[in-house]
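*Asks:* okay, here's the prediction I keep looking at, along with the sequence it came from:
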Amino acid sequence: MHATGHTHFPQAKKRLGQHFLADESIAQEIVAVSGAGPKDRVVEIGPGPGALTVWLLRACGQVWAIEFDATLVPLLENRVKGLGTLHVERADALRVDYRALATRLGGPLTIVANLPYNVGTPILMHLVEQREVIASMTVMLQTEVAERLAASPGSKAYGALSVMCGMWMCVEPLLEVPPAAFRPPPKVHSTVIRLIPRPAPLAETRNLGRFSQVVHAAFGQRRKVLANALKSIHPESRDWLTRAGIDPERRGETLSIAEFAHLTNVLDGLTGT
């Protein structure tokens, strides 16, 4: 079943990166692949006029929705009337304390969301930082971002986002969504991905701030070899890389997550921190 003609779609706000999901069959499929059920504490970020919310309520009976745009809330509440219990929190998803929300709801959160294109990545990283209270995340993002999240070392899409996410999350692309499924149709394709927190990080590192710094510096200027890219972090970068057993002439996109962690740990030994 596709979007019904009589569904009223509000005017999308460009500055908020709004593209409302309009295809009912895709909304239903996203909820199905998320695996969300009645026992889960389901949090939907950016429900908009409620295409996903309808199916989430049918599957789970109760949903906590975080919506930034107050003008959409009455429309959302009206659309899902009688389908279950909807709790709407008028808030900025980038500033929500998900740890506090999980404590309030009594357990880990199941996140389901069609994330706004303009802030999708920062919202995702904000959630990854609070991964200990996340059971799973099924999110729709621009395909290009989804590819970066799931990329392997050596591939064109592999970058800081791949490393920072892959360190703590298992990433699985689930389905492609064409522009025609949205109102208004975006200029890009979308992909639904599932992220599940790993039981332990992919590699051990004592200094997470330093790890992030090393990763971002390595990818800051992709054409630079590591010896040059990492000078801003340690002037004797060539010596540091050699001690870590990593060829200084390699580029950032060839390093695995474990190698980045090892490199950070060696640096900690060199600097005595």
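*Replies:* Done, it's in. Residues are numbered from 1 along each chain as shown.
*Asks:* mean confidence score for the strand or helix carrying residue 63?
*Replies:* Residue 63 belongs to strand 62-67 when assigned by DSSP states H and E. For strand 62-67, mean pLDDT is 97.
*Asks:* buried sites along that strand?
*Replies:* Within strand 62-67, the residues that count as buried by 16 or more other Cβ atoms under 10 Å are 63-67. In short, each C-beta sits where N, CA and C put it, glycine included.
*Asks:* pairing partners for that strand, with directions?
*Replies:* strand 41-45 (parallel), strand 85-90 (parallel) (DSSP bridges).
*Asks:* these: which one's closest to residue 158?
*Replies:* Among those, strand 41-45 comes nearest to residue 158, with 26.2 Å by Cβ to Cβ.
*Asks:* and the helix or strand that the closest one is followed by, C-alpha only, in CSV?
*Replies:* Next helix or strand after strand 41-45 toward the C-terminus (DSSP H and E): helix 51-60. Extracted in CSV, the C-alpha atoms of helix 51-60 (Å, rounded to 0.1, in the frame of the first residue of the first chain):
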residue,chain,number,x,y,z
ALA,A,51,4.5,7.9,8.5
LEU,A,52,6.8,5.8,10.6
THR,A,53,4.9,6.5,13.9
VAL,A,54,1.7,4.9,12.6
TRP,A,55,3.5,1.6,12.0
LEU,A,56,5.6,1.8,15.1
LEU,A,57,2.5,2.2,17.2
ARG,A,58,0.8,-0.7,15.5
ALA,A,59,3.9,-2.9,16.2
CYS,A,60,4.7,-1.7,19.7
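*Asks:* helix 51-60 packs against which elements?
*Replies:* Under the contact criterion of 3 or more Cβ pairs under 8 Å, 6 or more residues apart in numbering; DSSP states H and E, helix 51-60 touches strand 20-21, helix 24-34, strand 41-45, strand 62-67, helix 73-79, strand 85-90, strand 109-114.
*Asks:* now do 6 Å
*Replies:* helix 24-34, strand 41-45 (3 or more Cβ pairs under 6 Å, 6 or more residues apart in numbering; DSSP states H and E).
*Asks:* report the buried residues of the host helix or strand of residue 122.
*Replies:* Here residue 122 sits within helix 120-129, counting by DSSP H and E. Of the residues in helix 120-129, 120-121, 123-124, 126-128 count as buried by neighbour count, 16+ other Cβ under 10 Å.
*Asks:* all good on my end, thank you.
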